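Participant: Let's see this in three dimensions:
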Amino acid sequence: QTMIAANFILNQIVRINSRTNHHSKRKALNAAFVTCFSGGAAVALTSIGIDSDGSFMISTNDNSCCKCEEKHMGGRNDTTSAADDNGVNGNAKMFYNYFPKSQLFQPKRPYPAWDDNWDGKEEEYQQQKAEKKGSSKVGTTRHLILIRHGQYDETFEDDVKRKLTKLGREQAHLTGKRLEEMINGINDKFQPCNVNVIRVSDMTRAKETASIISEYLPKDIVREKPDPLLNEGIPAQIIPKRAELNIDEDLAKNGARIEKAFTKYFYRKVAPQNEGTLKSWFFTGTKSNDKELDKADQENHEFDIIVCHGNVIRYMFCRALQLPPEAWLRLSIFNCSLTYLMIMPNGRVSCRMLGDIGHLGYDHSTFSMNHGFPW
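Facilitator: From the prediction side, this is the model:
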């Protein structure tokens, strides 16, 4: 009854305000005070507003909430049911008829809230912070540089034969040169980066790319053994649904494994590498004139390079920033692009680069076998 009355009232309001702008309509609707009947009891509509998708949100004094859409405002049609808004479309096991609810990633805290304990290290961080009396010197800031492999020959099914193309090898060399410049630094303002390790998946194209990149890295950087956890695969379901893609078998095989790779490599480092006196430019925004202090400060920033795959990188990007991982396919990660994520000791994560190909030039820019952008 509330919905029927509310829809009638909204239709009248919309007809009157159809030529006003969004702000004016919102102001008019929020000023509305209407009495409807629900189960024989009077219910006051305390506010009527416009949601971001063009639908009307109606709040009542009994803490209930209704959502109504208009055809002409781009919302769903009048057949939309309460079941649709619950994401079940009449089937309690399905998520909007996309896929089974069991395949939907469930965050510990609902979006867009941030989970402070996403890596299970929040208690350890708080203990360290208390011991140091709130000092910003707690822990080491981790910098993760994720690199997609170079272009490779996709005409083969056997991974051993799916080697880098000539262009793919050139992309890897250009990427190595860029990393060399980042690691060595340019001047006093752009100082060297403390790179600890280079990691790689166990697939041929990634191993070839990492091998070429390693030619440009300092000899003391650890070269880890290839890790199959970083291999390519379907990491999560896809929203919006892509009917032409049949991913269920691949997801069942690889989804949990790629999530395991994320938890293995993405975490904060609470214990600092250097316990000496530091003056952190990252936290304070200032630099010390003492070169020894600056050197010690550099040691409290560590860089890891991970050479892997487009799907894996897109998934890790979403997971690290606590965005719905089902959005991974909305991103495009070009060959030999750099995705750079930073994890602070307090658990906050930020992205400094996403699919950066500034070092390649357009003549070396590819997405798999696609060149340029009109594809």
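
Participant: now the strands for the chain?
Facilitator: Assigned by DSSP state E, the chain shows strands spanning 34-38, 41-50, 56-60, 65-68, 94-95, 99-100, 141-148, 195-200, 222-223, 301-308, 338-343, 349-356, 366-367, 370-371.

Participant: Just give me the lowest mean pLDDT stretch among these.
Facilitator: Of all the strands of the chain, mean pLDDT reaches its minimum on strand 34-38 (a mean of 39).

Participant: can you map out the helices along the stretch 251-375 of the chain?
Facilitator: Applying DSSP state H, counting those that start in this stretch to the stretch 251-375 of the chain gives helices spanning 281-284, 291-298, 310-320.

Participant: Output the longest one as PDB, restricted to C-alpha atoms.
Facilitator: Spelled out, it's helix 310-320. What follows is helix 310-320, C-alpha atoms only, in PDB (Å, rounded to 0.1, in the frame of the first residue of the first chain):
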ATOM      1  CA  GLY A 310      46.800  -9.200 -17.300                       C
ATOM      2  CA  ASN A 311      44.000 -10.900 -15.500                       C
ATOM      3  CA  VAL A 312      46.100 -11.500 -12.400                       C
ATOM      4  CA  ILE A 313      47.200  -7.800 -12.300                       C
ATOM      5  CA  ARG A 314      43.600  -6.500 -12.800                       C
ATOM      6  CA  TYR A 315      42.300  -8.700 -10.100                       C
ATOM      7  CA  MET A 316      45.100  -7.800  -7.600                       C
ATOM      8  CA  PHE A 317      44.500  -4.100  -8.400                       C
ATOM      9  CA  CYS A 318      40.800  -4.500  -7.400                       C
ATOM     10  CA  ARG A 319      41.500  -6.600  -4.400                       C
ATOM     11  CA  ALA A 320      44.300  -4.300  -3.100                       C
END
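
Participant: Run through the neighbouring helices and strands of that helix.
Facilitator: In terms of contacts (3 or more Cβ pairs under 8 Å, 6 or more residues apart in numbering; DSSP states H and E), helix 310-320 is packed against strand 141-148, helix 248-265, strand 338-343, strand 349-356. C-beta: built from backbone N, CA, C; applies to glycine.

Participant: Most tightly packed of these?
Facilitator: The highest mean neighbour count among the helices and strands packed on helix 310-320, using mean count of other Cβ atoms under 10 Å, belongs to strand 141-148: a mean of 24.

Participant: Point out the other helices and strands that that strand packs with.
Facilitator: Under the contact criterion of 3+ Cβ pairs under 8 Å, 6+ apart, strand 141-148 touches strand 301-308, helix 310-320, strand 338-343.

Participant: picking that back up, can you check which of the helices and strands packed on helix 310-320 gets nearest to N311?
Facilitator: Proximity to N311 (Cβ to Cβ) singles out helix 248-265 among these, at 7.7 Å.

Participant: the inter-axis angle of the closest one versus strand 141-148?
Facilitator: 150 degrees (axes from the mean of the first three to the mean of the last three Cα atoms, to 10 degrees).

Participant: Give me the average confidence score over helix 248-265.
Facilitator: Confidence over helix 248-265 (mean pLDDT, whole number) is 97.

Participant: Could you do stretch 169-187 as well?
Facilitator: The model assigns stretch 169-187 a mean pLDDT of 93.

Participant: got a list of contacts for that stretch?
Facilitator: Identification of contacts with stretch 169-187 by Cβ atoms under 8 Å, 6 or more residues apart in numbering yields 145, 147, 149-151, 164, 191-193, 195, 208-209, 212-218, 303, 305, 335-336, 338, 359-361, 364, 366.

Participant: give the contact list for the nearest residue to L229 once chain neighbours are set aside.
Facilitator: Distances taken as Cβ to Cβ, 6 or more residues apart in numbering place A261 nearest to L229, at 3.9 Å, with adjacent residues excluded. The contact partners of A261, by Cβ under 8 Å, 6+ apart, come to 227, 229-230, 312, 316.

Participant: Can you dump the C-alpha atoms of stretch 181-191 in PDB for me?
Facilitator: This file holds the C-alpha atoms of stretch 181-191, laid out as PDB (Å, rounded to 0.1, in the frame of the first residue of the first chain):
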ATOM      1  CA  GLU A 181      66.300   4.400 -14.500                       C
ATOM      2  CA  MET A 182      63.800   4.100 -11.600                       C
ATOM      3  CA  ILE A 183      66.200   2.000  -9.500                       C
ATOM      4  CA  ASN A 184      69.300   4.000 -10.100                       C
ATOM      5  CA  GLY A 185      67.600   7.400  -9.700                       C
ATOM      6  CA  ILE A 186      68.200  10.600 -11.700                       C
ATOM      7  CA  ASN A 187      69.300  13.300  -9.200                       C
ATOM      8  CA  ASP A 188      68.900  14.300  -5.600                       C
ATOM      9  CA  LYS A 189      65.100  14.800  -6.100                       C
ATOM     10  CA  PHE A 190      64.500  11.500  -7.800                       C
ATOM     11  CA  GLN A 191      66.600   9.200  -5.700                       C
END
